[in-house]
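Colleague: missing the sequence, but the structure's below:
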């Protein structure tokens with residue numbers, strides 16, 4: 001074990017000790033940077049465990065560790081196993097529970113520490129907290145997981161059974177680059193560097209299960225494993241907390257973004273721990289901040305909109321109050337709301353008693369048309385009254401070779417974007433309400449119940465809630481998706497048979513103003529945000545490409561016998 005480097009003066013009495021080491025229970029050496037606060041009295045510790053370089057310390061969204069040290073905390077930033085200077089082999093999430101437990105107890109045992117530890121961080125660093133907490137290290141007092149997922153299959157890698165293609169390929173490329181460099185695999189490293197410089201070209205290649213820079217057998221297998229395990233299984237639950245919420249016994253502050261890739265995974269984690277955490281203290285003290293942000297950065301300018309100065313919430317100050325409350329026991333978080341949401345549309349914050357809000361009432365809007373809802377120029381409508389006895393069906397042809405783009409276009413960029421160009425094509429069904437007579441607040445998870453007859457028992461359906469402003473500009477709000485194989489796993493879909501699909505959309509808090517319209521889009525793809533189905537039974541999407549893609553025809557039914565509806569959770 002190498003001795004740490006001499007302490008470095010960071011100003012204001014804060015010192016940095018680089019290269020502190022610990023050993024895990026199986027003998028792997030993990031390396032940390034330790035920021036020591038001014039003064040000699042023992043103090044609480046904030047721990048972040050991450051795979052991206054401990055000197056970065058997630059400063060893309062958080063204040064630098066020196067800032068937290070100035071406020072009286074030891075801050076320990078640790079390279080996880082197999083990353084940075086830490087030993088061992090990296091496999092995402094696999095070792096983070098046990099390693100996290102050991103790291104918490106080690107940090108608490110440092111002579112400068114008072115034995116009380118909190119964990120913070122977003123994305124991967126968020127799940128390292130949840131996994132460590134599930135093993136109940138005695139020194140862990142509170143956590144603050146942001147923009148992450150407690151359930152890896154449903155919340156991180158798959159959406160309604162569809163692989164999150166852009167984020168999955170992008171993240172695999174990023175992480176395998178580091179693995180290739182670490183193992184001195186020159187040829188593989190060069191291929192990964194070329195792919196990293198042009199990720200969109202990787203998204204477009206099919207089948208994505210044969211991307212040579214990600215599936216090279218000299219590289220770790222995790223990308224291959226992710227796409228092979230396309231259904232929920234013990235492969236996933238062994239690496240997350242989806243089957244052990246009751247093991248977590250510490251308070252948690254959850255931070256989510258309405259346009260984050262892992263939005264629903266974060267919301268579901270909050271809801272699950274609020275209901276099932278293993279102590280009354282933990283269940284009572286789950287808190288949620290839901291901002292308008294994307295994954296990186298947490299800014300006011302997102303997509304094609306400026307969401308105003310209120311979007312620049314001081315999350316560092318909130319985090320400091322959170323840890324002061326639990327680690328310094330000064331009650332500074334006692335008056336904070338349980339849930340704080342940013343309302344899209346009005347661009348202002350609102351406090352709620354819980355999520356989803358108990359007061360929200362589900363109200364249906366019924367799909368209707370004269371049989372030509374194709375495109376924004378069609379006759380699709382959303383009605384508050386139940387549909388007439390007889391209505392013509394809408395027909396949608398889904399062609400995986402020419403997929404409907406994601407809301408943010410062919411790079412799957414996050415945020416609110418104008419959807420008018422996307423809605424110009426007949427490969428999207430568009431339904432809109434009349435201009436609203438009063439303001440409506442959609443708060444919670446909308447869902448769509450729609451009757452569909454598909455020419456193939458294997459297909460995908462993507463639905464999108466939109467807001468049509470007074471200038472008739474259409475903006476994406478939230479999205480839902482379902483793959484027939486996943487939705488109808490107990491009883492396979494029968495071709496050419498009207499079947500009701502129930503598709504939940506991601507959570508949102510959006511205020512539709514008087515004079516605006518509520519919109520719904522139905523398509524067969526959102527590429528490359530989500531992968532493309534082969535539309536053939538027995539051919540997984542990962543193995544699908546031009547040689548075996550098949551077009552599929554969807555008929556959307558909406559009459560008094562087959563009622564199709566958009567269900568909105570409305571706050572009065």
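Modeller: Sure, I can see it. On a predicted model such as this, the values are computed, not experimentally measured, just so you know.

Colleague: so where is the protein shaky, pLDDT-wise?
Modeller: For the chain, the stretches with pLDDT under 70 are 1-5.

Colleague: show me what contacts residue 519?
Modeller: Residue 519 makes contact with 382, 430, 431, 432, 433, 465, 466, 467, 468, 474 under the criterion CB atoms under 8 Å, 6 or more residues apart in numbering. Placement of C-beta: from N, CA and C, glycine included.

Colleague: the third one sits in which helix or strand?
Modeller: Element membership for residue 431, per DSSP states H and E: strand 429-432.

Colleague: what's the first helix or strand after that strand?
Modeller: Trace forward from strand 429-432 with DSSP H and E and the next one is strand 440-444.

Colleague: what are the contacting residues of that following strand?
Modeller: Under CB under 8 Å, 6+ apart, the answer for strand 440-444 is 341, 343, 352, 355-357, 360, 465, 477, 507-512, 518, 568-572.

Colleague: and with 6 Å instead?
Modeller: Strand 440-444 has contacts (CB atoms under 6 Å, 6 or more residues apart in numbering) with 356, 357, 360, 509, 510, 511, 512, 568, 569, 570, 571.

Colleague: scan those residues and report the most crowded one.
Modeller: Neighbour counts for the contacts of strand 440-444 (other CB atoms under 10 Å) peak at residue 509, which has 29 neighbours.

Colleague: how is this structure partitioned into domains?
Modeller: Domain ranges of the chain: 8-154+237-352, 162-229, 361-571, per automatic domain parsing.

Colleague: any idea how far residue 319 is from the residue nearest to the spatial centre of the chain?
Modeller: Centroid-nearest residue in the chain, with CA atoms, centre = their mean: residue 262, separated by 0.2 Å. Shown here: residue 262 relative to residue 319, a distance of 19 Å by CB to CB, to the nearest Å.

Colleague: then residue 159?
Modeller: Counting by CB to CB - residue 159 and residue 319 are separated by 28 Å.

Colleague: between these two, who's got more neighbours?
Modeller: Neighbour count, other CB under 10 Å: between residue 159 and residue 319, residue 159 has more, with 26 against 21.

Colleague: OK, contacts around the spatially closest residue to the more buried one that is not a sequence neighbour?
Modeller: In space, and not counting its chain neighbours, residue 159 is closest to residue 481: 5.1 Å by CB to CB, 6 or more residues apart in numbering. Residues near residue 481 by CB under 6 Å, 6+ apart: 159, 160, 162, 462, 530.

Colleague: same thing but at 7 Å, please
Modeller: Residue 481 is in contact with 159, 160, 162, 460, 462, 526, 530, counting by CB atoms under 7 Å, 6 or more residues apart in numbering.

Colleague: is it in a helix, a strand, or coil?
Modeller: strand (DSSP: H, G, I helix; E, B strand; the rest coil).

Colleague: in the sheet, who's paired with it?
Modeller: Beta bridges link residue 481 to residue 462, judged by DSSP bridges.

Colleague: the longest helix anywhere in the chain - contacts with which helices or strands?
Modeller: In the chain, taking DSSP state H as the definition, the longest helix is helix 165-182. Contacts defined by 3 or more CB pairs under 7 Å, 6 or more residues apart in numbering; DSSP states H and E place helix 165-182 against helix 186-196, helix 199-204, helix 212-215, helix 222-228.

Colleague: residue 99: neighbouring residues, count only.
Modeller: Neighbours around residue 99, by other CB under 10 Å: 25.

Colleague: gap between the host helix or strand of it and the chain center?
Modeller: Secondary structure from DSSP H and E places residue 99 in helix 96-109. Mean-position distance between helix 96-109 and its chain equals 26 Å (CA atoms, centre = their mean, to the nearest Å).
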